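*Asks:* no sequence for this one, just the structure:
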């Protein structure tokens, strides 16, 4: 090793809300904790770059029932009510803890009642970093993990990574690892998503873990053309226009985004937030000030002037797929490995559909808490004898090519090839069987080339692993999309436009050189049938 060789009870990989909650709760449970972030913990990632709503519902039975029922149909009835109840309880407690122990400055309503259903990302993450450090966790900034380590039994027992600013590799021996690395947006340019390249899913799969819901990955956010701000809530006040100035019929932020995608294939699409009255405009600026920064800098009044828009892929950042959860403590199918936040599947509470914030933020808090506590229990059960285990690296593509290594910048070609199959609307958003099959074949070839020749050294090791993760992510997505021959949740197929009652199951996937899929019955259906 050329850099630090650390030993800890729990290693948390990531630096967003799920990672910081996991590190905090592991430390509070008595575990020694190391948090390794690709960026600077508290400032990188999708949450730190803007505001977010939170699925925060007081424990009123009627309100809780309405909250749980609200998206069941939209998500294709693939969610789990027991998990939703758990998340509502844990999020309520977590947000209240953030207000009390974290002293987060929640606003109050006209009657003085605290308003706790929203968070300003920068302030939220600043306070979470402080809480993690005060709890005694060691934070490694600018230290992306590049692979996991396993012991002779196959249990996850640490990780290797690269410290960018120090220019050195490092290793962490750990009793348990929490993956909270976020989803994958394929470097599309969406706000805060440049660190979200699906790394955690690749690391997990290399140890034998499974994924679920990867077909629910064709999320695209609306953004002003040439910008990165994909805050879509305010587009519910919008009217969309053809390039010639006529109204684009059927276009809408919700239920009409495919109309926008089709139009963008052959013309520019314009927008104006002309359905917002004066009070709404004021409320919007107070709620999401960063949404308006772009317009203010460009000298555009979005309420009265038309502006060109685009759609940016957000993949599993706003999709629901991710590492499959096997236990209430967010353990995976691999001993010693836990997953939280966008890195983990959100099907348990969202089924096949979600959006920005709200459920995502609640899941980050809840899954982070459970994963951190579960990892601490698991690691502390080993005691310090776990530090003597013989460790084996698990990384493949991008680290250990099966053939002769290619040029040091070969990751660029891999990334471009993957983006060519997942960013175009006609391939990923407007999905059709033959097009999916053709893209999957191309991605399989890209993976084969990467597995054979892609190898990063020094700082390029991070880029090489990101490229491999993106290629793997895309293959799981399209294999799962082909396996679901219907339209359910956000996984819509033009060649199968209807929902098939016989396919009310989740799709589990995995594998690297050979990708596989299998159906998994929804637990609620099993209970009903027994």
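*Replies:* Sure, I can see it. Keep in mind that this is a model prediction, so the values were computed, not measured. Numbering: from 1, shown residues only.
*Asks:* So which helix or strand of the chain has the lowest pLDDT on average?
*Replies:* Every helix and strand in the chain was compared by mean pLDDT, DSSP states H and E; the lowest is helix 523-529, with a mean of 50.
*Asks:* Could you pull up the mean pLDDT of stretch 15-31?
*Replies:* Mean pLDDT, stretch 15-31: 98.
*Asks:* what does stretch 319-328 give?
*Replies:* With pLDDT averaged residue by residue, stretch 319-328 scores 97.
*Asks:* Okay, buried residues for it please.
*Replies:* Across stretch 319-328, burial judged by 16 or more other CB atoms under 10 Å covers 319-326. Yep, even glycine has a C-beta here, placed from its N, CA and C like the rest.
*Asks:* Tabulate those (a markdown table), appending secondary structure and distance to residue 225.
*Replies:* Below are the buried residues of stretch 319-328 laid out as a markdown table (DSSP: H, G, I helix; E, B strand; the rest coil; distance: CB to CB, whole Å):
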| residue | secondary structure | distance to residue 225 |
| --- | --- | --- |
| 319 | coil | 23 |
| 320 | coil | 28 |
| 321 | coil | 28 |
| 322 | strand | 30 |
| 323 | strand | 34 |
| 324 | coil | 37 |
| 325 | coil | 38 |
| 326 | coil | 43 |
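*Asks:* Just the closest of the residues you listed to residue 494, please.
*Replies:* Distance to residue 494, by CB to CB, is smallest for residue 319 among these, at 18.3 Å.
*Asks:* which ones are touching that closest one?
*Replies:* Taking CB atoms under 8 Å, 6 or more residues apart in numbering as the contact definition, residue 319 lies against 183, 213, 216-219, 354, 490.
*Asks:* quick one: least confident of these?
*Replies:* Ranking the contacts of residue 319 by pLDDT, residue 354 lands last with 86.
*Asks:* Near that one, how many other residues are there?
*Replies:* 25 (other CB atoms under 10 Å).
*Asks:* what do you get for residue 142?
*Replies:* Residues near residue 142, counting by other CB under 10 Å, number 17.
*Asks:* what's the closest non-adjacent residue to it?
*Replies:* residue 164 (4.4 Å; CB to CB, 6 or more residues apart in numbering).
*Asks:* cool, and residue 272?
*Replies:* Per CB to CB, 6+ apart, closest to residue 272 is residue 306, 4.9 Å.
*Asks:* Run the chain-centre distance for the helix or strand that contains residue 380.
*Replies:* Here residue 380 sits within helix 359-382, counting by DSSP states H and E. Computed by CA atoms, centre = their mean, to the nearest Å, the chain-centroid distance of helix 359-382 equals 16 Å.
*Asks:* any idea which helix or strand comes after that helix?
*Replies:* Heading C-terminal from helix 359-382, the first helix or strand you meet, by DSSP H and E, is strand 392-393.
*Asks:* and that next one, average pLDDT?
*Replies:* Strand 392-393 comes out with an average pLDDT of 98.
*Asks:* in whichever helix or strand comes after it, what's buried?
*Replies:* Past strand 392-393, further along toward the C-terminus, the next helix or strand under DSSP H and E is helix 411-422. For helix 411-422, a neighbour-count test (16+ other CB under 10 Å) marks 411, 413-415, 417-419, 421-422 as buried.
*Asks:* follow-up on the earlier one: out of the contacts of residue 319, who's nearest residue 312?
*Replies:* Using CB to CB, residue 219 comes nearest to residue 312 of those, at 9.6 Å.
*Asks:* Quick one: residues contacting the residue lying closest to that closest one once chain neighbours are set aside.
*Replies:* Closest residue to residue 219 apart from its sequence neighbours, by CB to CB, 6+ apart: residue 318 at 3.7 Å. Contacts here follow CB under 8 Å, 6+ apart; on that basis residue 318 touches 183, 219, 221, 354-356, 360.
*Asks:* repeat that with 7 Å
*Replies:* Neighbour list for residue 318: 219, 221, 354-356 [criterion: CB atoms under 7 Å, 6 or more residues apart in numbering].
*Asks:* end to end, how far does stretch 218-229 reach?
*Replies:* With CA to CA, to the nearest Å as the measure, stretch 218-229 spans 18 Å from end to end.
*Asks:* which residues are in contact with that stretch?
*Replies:* 189-191, 230, 232, 235, 253, 257, 290-291, 294, 307-315, 318-319, 428-429, 431, 490.
*Asks:* What's the ChimeraX line that selects buried ones from the residues you listed?
*Replies:* Buried members of these, defined by 16+ other CB under 10 Å, are picked up in ChimeraX with:
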select :189,190,191,230,232,235,253,257,291,294,307,309,310,311,312,313,314,315,318,319,428,429,431,490
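*Asks:* can you tell me which of the contacts of stretch 218-229 are in strands?
*Replies:* In this view, these that belong to strands under DSSP state E are 307-313.
*Asks:* What is the nearest of those residues to residue 463?
*Replies:* Nearest to residue 463 among these is residue 313, at 19.2 Å by CB to CB.
*Asks:* So the closest one sits against residue 187, correct?
*Replies:* No. Applying CB atoms under 7 Å as the test, residue 313 and residue 187 come out as separate, 9.4 Å apart.
*Asks:* hmm, back to that, next, format the buried residues of helix 411-422 as TSV and append pLDDT and distance to residue 388.
*Replies:* TSV is the format used below for the buried residues of helix 411-422 (pLDDT from 0 to 100; distance: CB to CB, whole Å):
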residue	pLDDT	distance to residue 388
411	96	36
413	97	42
414	97	38
415	98	39
417	98	43
418	98	40
419	98	44
421	98	45
422	98	43
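*Asks:* and which of these is nearest to residue 58?
*Replies:* residue 422 (40.0 Å).
*Asks:* so what's that closest one up against?
*Replies:* 186, 313, 428, 474.
*Asks:* Could you measure from it over to residue 416?
*Replies:* Distance, residue 422 to residue 416, using CB to CB, to the nearest Å: 11 Å.
*Asks:* Same check on residue 113?
*Replies:* Using CB to CB, residue 113 is found at 51 Å from residue 416.
*Asks:* same thing with residue 374?
*Replies:* When residue 374 is compared with residue 416 (using CB to CB), they lie 39 Å apart.
*Asks:* cool, residue 252 as well?
*Replies:* Note on residue 252: its distance to residue 416, by CB to CB, is 32 Å.
*Asks:* Tell me what angle the lengthiest strand in the chain forms with helix 359-382.
*Replies:* Among the segments of the chain that qualify as a strand by DSSP E, the longest is strand 168-179. Strand 168-179 and helix 359-382 are oriented at 100 degrees to each other (axes from the mean of the first three to the mean of the last three CA atoms, to 10 degrees).
*Asks:* And the contacts of the next helix or strand after strand 168-179?
*Replies:* Counting by DSSP H and E, the element after strand 168-179 in chain order, helix or strand, is helix 199-206. Applying CB under 7 Å, 6+ apart, the external contacts of helix 199-206 come out as 13, 147-148, 179, 181, 211, 322-323, 332, 337, 339, 343, 394-396, 465-466, 468-469, 472-473, 510, 512.
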